[in-house]
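> Predicted structure and sequence below. I'll ask about it afterward.
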Amino acid sequence: MKYLIVIASFIILASGVYTGASFGFTEEAAENFKNNVLPYIFSKQENIQLPNQHINTGRGVFKVTFSITETYIYDLNMDVTNSKVNFGSNNDIILNIADLSEKVRFTWSYDSNLGSDKGFAIVSLADTLATTIIHLSAENGRPVVSITEMTLKIGNLDVKFSGNTSADVANWLVGILNQQMIALIEKLTSDSLKDAIDTELNQYLSSLDLTIDIGGIGLAINYTLPYPPIVTENFIQVDTLGLIVLKSNPNLSPPIDPPVQLPGFQETGLQIQAYITDYTFNSGFYAAYQSGSLSTVITQSDLPSQIKLTTTFLNDFLPGIVKVYGPNKPCQLNCSATEAPVVHTQSSNKLFPHGQIVGAIVTGCSVVVINQGTAVELDMNLDFNATLYIDNWVLNGDLSWMQVTSLKAVNNNIDPIDTEGLMDGINFLLNMTLPTLNQRIFGQGLPLPKSQYVNLTMSDVTVENGYTYIQSTPQYNFTDNEN
């Protein structure tokens with residue numbers, strides 16, 4: 001089903017599409033990521049084998065053949081702290097790896113008419129610098145990287161020979177290293193690092209779940225990228241569809257208001273920043289309405305035990321129900337949205353210092369006497385208010401209140417209807433069932449995209465007019481035990 005959503009994404013991208021969610025990553029975030037991912041990448045580096053080298057010198061009886069065989073590069077390390085990440089132009093990220101060090105072990109031998117010998121040597125390479133240019137782009141709606149350039153230059157070289165190698169032999173071997181092998185060591189190390197960085201970064205990016213099921217009601221949030229990420233001087237900006245869709249029939253152009261224009265990311269903000277617009281929220285309510293899941297039944301189990309949802313209780317608000325159906329008959333309220341609800345986020349005020357989300361629902365609601373029938377059918381307008389919070393990188397809401405603002409009986413077995421009294425009664429019941437209604441409206445919340453390698457529990461949320469601003473400080477955990 002997720003593939004259907006992705007395919008639908010690309011059908012409409014040619015004609016343009018709104019982006020409902022935008023994510024920003026600071027250079028500090030890149031440094032934090034580098035500090036965690038580079039040791040992981042280096043820890044997975046395997047030994048690199050070099051081809052055998054054979055050099056002939058002299059002539060006739062004085063001919064000597066030198067051989068360097070069984071050559072391996074191993075123990076690759078670097079200075080994580082002094083390695084730096086910078087944001088460049090053309091969507092490039094520049095990684096400067098400082099104080100790269102490695103060792104080379106080889107077996108040496110020489111053979112001549114005058115004698116022969118063999119042994120091994122270990123070469124320590126230090127103070128090596130490597131520069132990697134990482135190009136950030138998108139492929140099939142996902143972020144990807146490619147290593148467009150990798151330069152590596154060996155600094156100091158220290159050779160230790162086994163045994164009592166003569167000065168002449170040692171000089172010859174060092175000469176072979178300098179003339180024949182240093183460039184090869186640089187190239188093979190560079191190629192190995194290039195492949196490792198490319199592989200591990202793309203594996204991390206592929207672990208981002210960009211299509212996430214919501215609440216088990218046939219909906220999913222689509223964080224597909226309509227165009228490549230944008231690398232600026234201070235941020236990596238990743239714009240996504242941020243669209244909640246019906247999985248069985250994804251509509252990527254819902255008839256809802258477009259998102260507001262977002263401000264830039266904040267240089268003083270935390271490492272990862274996100275903007276979730278009202279466009280995303282309203283796409284969710286539209287998809288939920290299309291799926292038929294915006295309905296609820298209020299029963300006795302939703303109320304405190306001291307309140308009995310019976311004809312006797314309702315008679316105070318709906319005079320005549322006892323006369324028609326008898327006393328103490330169990331009742332329930334069946335309500336369904338008749339239009340897609342619309343919500344708006346609003347910035348802080350005295351009552352809501354962290355901002356709020358307000359919404360309106362047009363609904364049809366029936367008062368049902370169980371096993372006897374519908375007493376009255378109502379058309380109602382409801383307003384609600386909620387605060388938003390972030391928990392484990394899931395944006396959720398906490399319903400503050402809900403109330404009926406207008407009501408009209410459209411089918412009535414009880415005459416006459418006291419509209420004001422009935423509104424008071426239903427508002428009383430709504431107030432008593434806020435936890436149930438909260439679950440119906442917000443469910444399990446809106447999951448934001450993340451990877452299995454990162455923990456985003458240190459997060460904060462601020463609600464503004466038209467969007468919600470989220471900040472987080474990531475904690476990484478790169479291990480081979482992740483699923």
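Yep, that arrived.
> what stretches of the stretch 51-200 of the chain score poorly on pLDDT?
58, 60-62, 114, 163-173, 175-180 (pLDDT under 70).
> the strands in it, which residues?
Along the stretch 51-200 of the chain, the segments classed as strands by DSSP state E, counting those that start in this stretch run 53-57, 64-87, 92-112, 115-139, 142-153, 156-161.
> ok, now the stretch 351-483 of the chain?
Under DSSP E, counting those that start in this stretch, the stretch 351-483 of the chain gives strands at 356-369, 373-391, 394-412, 446-447, 454-455, 459-464, 467-472, 475-476.
> Buried by neighbour count: which residues of the third one qualify?
Neighbour-count burial for strand 394-412 flags 394-397, 399-400, 402-404, 407, 409, 412 (criterion: 16 or more other C-beta atoms under 10 Å). From N, CA and C alone the C-beta is placed, and that goes for glycine too.
> what do you get for the second one?
Along strand 373-391, these residues count as buried under the neighbour rule (16+ other C-beta under 10 Å): 375-378, 380, 382, 384-390.
> which residues are in contact with the top helix by length along the chain?
In the chain, assigned by DSSP state H, the helix with the most residues is helix 182-206. Applying C-beta atoms under 8 Å, 6 or more residues apart in numbering, the contact partners of helix 182-206 are 37, 40-41, 44-45, 48, 50-51, 73, 76, 95, 97, 102, 104, 125, 130, 132, 134, 142-147, 150-154, 157, 451, 453.
> Restrict those residues to the buried ones and give me that as a PyMOL selection.
Here is the PyMOL command that selects the buried residues among the contacts of helix 182-206 (16+ other C-beta under 10 Å):
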select buried, resi 37+40+41+45+48+50+73+76+95+97+102+104+125+130+132+134+142+143+144+145+147+150+152+154+157+451+453
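> ok, back up a step: a markdown table please, covering the strands of the stretch 51-200 of the chain and showing distance to Asn202.
Listed next are the strands of the stretch 51-200 of the chain as a markdown table, based on distance: least, C-beta to C-beta, whole Å:
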| stretch | distance to Asn202 |
| --- | --- |
| strand 53-57 | 34 |
| strand 64-87 | 17 |
| strand 92-112 | 14 |
| strand 115-139 | 10 |
| strand 142-153 | 6 |
| strand 156-161 | 33 |
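> Which one, of those, ends up nearest to Thr468?
strand 142-153 (22.3 Å; C-beta to C-beta).
> Pairing partners for the closest one, with directions?
strand 115-139 (antiparallel) (DSSP bridges).
> Flag every buried residue along the partner strand.
120-121, 123, 125, 128-130, 132-136, 138.
> Just put these in TSV and tack on distance to Thr26.
Shown next, in TSV, are these (distance: C-beta to C-beta, whole Å):
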residue	distance to Thr26
Phe120	48
Ala121	46
Val123	40
Leu125	34
Thr128	29
Leu129	25
Ala130	24
Thr132	20
Ile133	20
Ile134	16
His135	19
Leu136	15
Ala138	20
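> ok, which pair from these is furthest apart?
Maximum pairwise distance among the buried residues of strand 115-139 (C-beta to C-beta): 49.0 Å, between Phe120 and Ala138.
> ok so, going back, which one of the strands of the stretch 51-200 of the chain lies nearest to Met458?
Of the strands of the stretch 51-200 of the chain, nearest to Met458 by C-beta to C-beta is strand 64-87, at 21.0 Å.
> in its sheet, what does the closest one sit against?
When DSSP bridges is applied, strand 64-87 pairs with strand 48-50 (antiparallel), strand 53-57 (antiparallel), strand 92-112 (antiparallel).
> how about the ones you listed in JSON lines, adding distance to Asn328?
Listed next are these as JSON lines, based on distance: least, C-beta to C-beta, whole Å:
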{"stretch": "strand 48-50", "distance to Asn328": "84"}
{"stretch": "strand 53-57", "distance to Asn328": "99"}
{"stretch": "strand 92-112", "distance to Asn328": "71"}
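> Quick one: closest of those to Ala29.
Among these, strand 92-112 sits nearest to Ala29 (C-beta to C-beta), with 11.5 Å.
> I'd like the domain boundaries of the protein, if you could list them.
28-206, 217-476 (automatic domain parsing).
> and the longest one, how far from the chain's centre?
Offset of domain 217-476 from its chain centre (C-alpha atoms, centre = their mean, to the nearest Å): 23 Å.
> Determine how far the last residue of that domain lies from the first.
One end of domain 217-476 sits 31 Å from the other (C-alpha to C-alpha, to the nearest Å).
> I figured Gly20 hits Val245, correct?
No. Judged on C-beta atoms under 8 Å, Gly20 makes no contact with Val245 at a distance of 11.3 Å.
> Now do the contacts for the residue lying closest to Pro258 once chain neighbours are set aside.
Residue nearest to Pro258 in three dimensions, not counting chain neighbours: Tyr18, with 5.3 Å by C-beta to C-beta, 6 or more residues apart in numbering. Tyr18 is in contact with 241, 243, 258-259, 279, counting by C-beta under 8 Å, 6+ apart.
> that older thread, buried residues, the helix or strand that the longest helix of the chain is followed by. List them.
Later in the chain than helix 182-206, the nearest helix or strand by DSSP states H and E is strand 211-214. Counting neighbours by 16+ other C-beta under 10 Å, one finds that the buried residues in strand 211-214 are 211-214.
> how much space is there between Ser43 and Thr310?
Distance, Ser43 to Thr310, by C-beta to C-beta, to the nearest Å: 68 Å.
> no wait, Ser207
In terms of C-beta to C-beta, Ser207 sits 54 Å off from Thr310.
> Just want to know which of those two has more residues nearby.
Legend: neighbour count by other C-beta atoms under 10 Å for Ser207 and Thr310, higher for Thr310 (20 against 14).
> still on that earlier bit, so can I have a markdown table of the strands of the stretch 351-483 of the chain showing mean pLDDT and distance to His344?
Listed next are these as a markdown table, based on pLDDT from 0 to 100; distance: least, C-beta to C-beta, whole Å:
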| stretch | mean pLDDT | distance to His344 |
| --- | --- | --- |
| strand 356-369 | 95 | 6 |
| strand 373-391 | 94 | 11 |
| strand 394-412 | 93 | 13 |
| strand 446-447 | 94 | 16 |
| strand 454-455 | 92 | 31 |
| strand 459-464 | 94 | 10 |
| strand 467-472 | 96 | 10 |
| strand 475-476 | 92 | 34 |
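> Asp316 is nearest to which of the ones you listed?
Closest among the strands of the stretch 351-483 of the chain, using C-beta to C-beta: strand 356-369, at 13.1 Å.
> Can you say which of the domains of the chain is packed in most?
domain 217-476 (a mean of 18; mean count of other C-beta atoms under 10 Å).
> Could you export the buried residues of strand 211-214 as TSV, including pLDDT?
TSV is the format used below for the buried residues of strand 211-214 (pLDDT from 0 to 100):
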residue	pLDDT
Thr211	93
Ile212	94
Asp213	92
Ile214	87
